[in-house]
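> Need coordinates for the following:
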Amino acid sequence: MKDRIECRCIKCDNVFTHVFQGIENPSPHRPRPIECPKCGSIELEYNEIDTVLTDYPVCPYCGFSHIEWSFEMCEDGVYTCMKCGEEFALSVQTTTQFTTAQIETEGE
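Numbers count the residues shown, from 1 in each chain. Here you go, the predicted model:
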């Protein structure tokens, strides 16, 4: 089961990610509907394809995972799916880690 789902409010056009807690079901037919955090509306569209914080760019239209993505997809922007040809917006989050070591000097 997915632990988050991308939503768009039909009333105010707010786009947000809903994170599921516990056994909550990500079906649009659940008893407690997701509410828009901006206006409180429950009239939402759901993206059933997991496109949030994935290891590779995933097309939100067809679900194609761009595993062999090129380095030009390393920046935020609009890209075209290599499978279905639809354009989609891409937001990139990167993590930087560092490793250091002591430098040994001569005579030690």
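> Not counting residues beside it along the chain, what's closest to Leu44?
Among residues not flanking Leu44 along the chain, Cys7 sits closest, at 4.8 Å (CB to CB, 6 or more residues apart in numbering). The C-beta positions use only the backbone N, C-alpha and C, and glycine is treated the same way.
> Mind telling me what element that neighbour is part of?
Taking DSSP states H and E as the criterion, Cys7 maps to strand 4-9.
> pretty sure the residue nearest to Leu44 contacts Thr17?
Yes. With contact defined as CB atoms under 8 Å, Cys7 counts as touching Thr17 (7.3 Å).
> So which of these two has more stuff around it?
Cys7 (20 against 12; other CB atoms under 10 Å).
> And the more buried one, how far from Met82?
26 Å (CB to CB, to the nearest Å).
> before we move on, back to that, pLDDT score for the residue nearest to Leu44?
According to the model's per-residue confidence, Cys7 sits at a pLDDT of 79.
> Glu108 now?
59.
> Begin at 50, not 1, for the rest of this chat.
Sounds good: first residue 50 from here, last item Glu157.
> helices and strands around the element among helices and strands of the chain having the smallest mean pLDDT, which ones?
For the chain, the helix or strand with the lowest mean confidence is strand 93-96, at a mean of 69 (criterion: mean pLDDT, DSSP states H and E). With contacts taken as 3 or more CB pairs under 8 Å, 6 or more residues apart in numbering; DSSP states H and E, strand 93-96 sits against strand 53-58.
> Now do Thr100: how many residues are near it, please.
Other residues lying near Thr100 total 21 when counted by other CB under 10 Å.
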